[in-house]
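For reference, the sequence and a predicted model appear below.
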Amino acid sequence: MKKIFALIILAFSLSASAQKNHNYDVARNLEIFSAIYKNLNMMYVDTLDASEVVGTGIKAMLRSLDPYTEYYASDEVKNLKQMLTGKYAGIGAIVRKNLRTGNVCIDEPYFGMPAQEVGLRKGDEILSIDDSTMVGKDVSYVSSHLRGDAGSTFLLKYKRPGEKKPSEVKIKRRAIQLPSVPYYGMLDENVGYIALNQFTEGCSQDVRRAFIELRQQGMKGFVFDLRNNGGGSLQEAIKIVNMFVPKGITLVTTKGKMKKVNHSYKTDAQPIDTVMPVVVMVNGNTASASEITAGSLQDLDRAVVFGTRTYGKGLVQVPMDLPHNTSMKLTTSKYYIPSGRCIQAINYKHTGGGYKEHIPDSLTHVFHTANGREVRDGGGIKPDVEFKGDTIPNIAVYLAGSGLDSTEVMFNWVVDYIMKHDSIAKPEDFRLSDSEWKDFSKAVVDAGFKYDRETVKIYDELIKVAKMEGYYDDNKAEFETLKTKLQHNLSRELEKNEKQIRRVLEADIIAAYYYQKGAIAYQNGYDKQIQEAKRLVMSDEYLKSITK
């Protein structure tokens with residue numbers, strides 16, 4: 001007994017000594033940091049901007065921890081609030097730089113928002129806001145001037161393509177909340193579909209209303225799309241899961257260094273449906289609160305998770321107010337879902353300047369769902385049914401991507417199409433004619449459009465390696481033959497990728513007339529993952545997937 005007591009005293013003494021040494025190191029390094037800045041401030045050849053220099057130091061310190069612990073200076077706090085709530089005051093439109101003209105223009109106004117209500121549309125170039133010129137400014141500069149206090153007004157001067165003279169319009173800023181549910185509807189007479197973009201305040205109510213409406217329309221199977229959903233509010237995720245599982249179930253447990261960040265979150269309301277088949281769609285960009293939702297429904301065998309492995313973010317952040325109206329988002333704990341697993345895919349090490357390591361599958365642990373199925377921690381959520389999505393060819397990415405094509409040929413062709421057509425068919429019926437496709441293809445070739453082809457990148461790398469290893473000279477003829485076969489033929493590549501490029505082009509046009517909702521409705525018609533999820537949720541395979 002005396003030995004045990006002595007060991008306890010020794011352990012306590014070692015712990016106290018380690019804490020004392022740590023506290024000394026903290027005080028010593030803070031003193032060094034302060035002394036360095038004082039000397040810089042007194043003696044550095046140029047006058048320092050204190051906010052910039054110290055802010056850079058703070059951000060460098062946080063970068064050595066993990067990518068989610070972030071500092072927000074006083075002029076950046078509004079960005080944190082927007083991220084947490086999904087709300088901001090502005091005109092409600094996506095803007096982009098037109099590389100051909102050098103000016104920022106409207107890319108897509110949101111339906112029912114000030115930009116759409118005053119008649120702004122895709123392609124309108126923003127020339128000035130009140131007395132401030134926007135000509136040649138970058139996107140962040142223009143965006144910051146478009147935003148402001150809710151209820152404030154400003155005069156927007158813009159130039160519409162095809163019109164000789166600029167126009168002016170007075171706009172009143174409004175509190176804008178980006179739609180958390182951009183689209184919901186019936187995929188057929190039996191299967192309902194809801195897409196959730198982000199877990200912002202109140203999104204659970206939007207999902208609930210949409211689900212009830214679809215059920216009233218005859219929904220017998222439900223497809224819940226969380227692809228590309230980066231997460232957000234933990235509380236909203238719990239409320240959504242609670243729609244499908246009984247009251248009183250522990251869904252999430254958070255564990256951190258301090259006891260006050262350790263919490264257990266239970267369902268606290270009666271569900272609205274515990275029997276309808278549910279398929280949750282996920283991919284590599286499904287993260288955080290999305291993974292809590294998908295993982296909890298998987299652990300409780302309440303849904304089939306479908307798609308590709310998720311991102312693997314098992315860390316919890318909380319916002320913290322700091323002096324002088326600054327703030328930070330701080331990682332305080334890890335979260336664990338019903339089976340007891342944490343799905344964090346990366347370990348962030350804080351020694352040697354900080355580094356990260358992916359958790360290999362060999363070091364993951366087995367857990368079990370409510371029905372006894374094996375699931376693992378680490379590496380995100382592995383789907384019950386794996387099914388890869390459509391891939392977009394590189395040429396389509398360059399044509400449609402903002403800032404990738406200096407000719408802006410697709411953007412300008414779509415704007416020209418909008419000018420010539422007051423209306424188009426419904427999203428599910430709209431298709432470009434063959435003559436319109438030929439006209440677009442000709443415009444791409446005539447514009448001198450170029451893009452980085454992956455095959456050329458790989459070929460160039462192969463040549464470097466072959467020369468380094470001494471194989472190139474003896475096989476030069478073969479390398480030249482391969483190079484000839486890889487020669488750029490734009491017309492041929494447009495023809496080869498016509499189906500995928502057509503879909504991107506048509507979706508862009510539809511968005512200008514029917515906004516985001518219409519574009520999603522159109523894309524769902526050919527999305528092979530959605531078609532397979534629709535089939536799965538009403539098949540015998542569904543029950544097998546959650547009971548095996």
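Yep, that arrived.

now the strands: where do they sit in the stretch 251-400 of the chain?
Under the criterion DSSP state E, counting those that start in this stretch, the stretch 251-400 of the chain contains strands at 263-266, 278-282, 304-307, 315-322, 326-336, 346-349, 355-358, 366-368, 374-376, 385-386.

Quickly, which of those bottoms out on average pLDDT?
Sorting the strands of the stretch 251-400 of the chain by mean pLDDT places strand 355-358 lowest, at a mean of 68.

What residue, apart from its backbone neighbours, is nearest residue 508 spatially?
Closest residue to residue 508 apart from its sequence neighbours, by CB to CB, 6 or more residues apart in numbering: residue 414 at 5.2 Å. The C-beta positions use only the backbone N, C-alpha and C, and glycine is treated the same way.

that older thread, could you check the strands of the stretch 251-400 of the chain and tell me which one is nearest residue 543?
strand 304-307 (9.1 Å; CB to CB).

Parallel or antiparallel, list what pairs with that closest one.
Note on strand 304-307: by DSSP bridges, its sheet partners are strand 278-282 (parallel), strand 385-386 (parallel).

hey, where'd the helices end up in the stretch 151-300 of the chain?
203-216, 234-242, 289-299 (DSSP state H, counting those that start in this stretch).

Please work out which of the ones you listed is packed deepest.
Among the helices of the stretch 151-300 of the chain, helix 289-299 has the highest mean neighbour count (mean count of other CB atoms under 10 Å), at a mean of 28.

ok so, going back, just the element for the residue nearest to residue 508, please.
helix 409-420 (DSSP states H and E).

Skipping adjacent residues, who's closest to the residue nearest in space to the middle of the chain in space?
Centroid check for the chain by CA atoms, centre = their mean gives residue 230 as the closest residue, at 4.8 Å. Distances taken as CB to CB, 6+ apart put residue 287 closest to residue 230, at 5.0 Å, once the chain neighbours are dropped.

Surely that neighbour and residue 313 touch.
Yes - the pair residue 287 and residue 313 qualifies as a contact (CB atoms under 8 Å) at a distance of 4.5 Å.

what sits in contact with each of these two?
Common neighbours of residue 287 and residue 313, using CB atoms under 8 Å, 6 or more residues apart in numbering, are residue 231.

Can you name the helix or strand that residue 54 falls in?
helix 50-63.

Extract the residue ranges of the stretch 301-450 of the chain that are flagged as low pLDDT.
Across the stretch 301-450 of the chain, the ranges flagged by pLDDT under 70 are 350-357.

Centre of the chain to stretch 144-151, how far?
On the basis of CA atoms, centre = their mean, to the nearest Å, stretch 144-151 sits 24 Å off its chain's mean C-alpha point.

contact partners of it?
So stretch 144-151 is in contact with 88-91, 93, 95, 126, 129, 132, 134, 154, 172-175, going by CB under 8 Å, 6+ apart.

cool, stretch 42-60 as well?
Counting by CB under 8 Å, 6+ apart, 33, 37, 40, 41, 70, 71, 73 sit against stretch 42-60.

How about the fifth one, nearest residue that isn't a chain neighbour?
What that stands for is residue 70. In space, residue 70 is closest to residue 329, 4.8 Å off (CB to CB, 6+ apart).

number of nearby residues for the one you found?
17 (other CB atoms under 10 Å).

One more: the one 5 residues further on?
Neighbouring residues of residue 334 were enumerated by other CB under 10 Å; the total is 15.

Same check on residue 261?
The tally of other residues near residue 261 (other CB under 10 Å) stands at 14.

Secondary structure element for the closest residue to residue 412 other than its chain neighbours, which one?
Of all residues not flanking residue 412 in the chain, residue 100 sits nearest, at 7.0 Å (CB to CB, 6+ apart). Take DSSP H and E as the rule and residue 100 turns out to sit in neither a helix nor a strand.

Quick check: residue 100 vs residue 112, distance?
Residue 100 sits at a distance of 30 Å from residue 112 (criterion: CB to CB, to the nearest Å).

which one of those two has more residues nearby?
A direct count of neighbours by other CB under 10 Å for residue 100 and residue 112 places residue 100 higher, at 14 against 11.

My guess is the more buried one contacts residue 407. True?
Yes - if you go by CB under 8 Å, residue 100 and residue 407 touch, sitting 6.6 Å apart.
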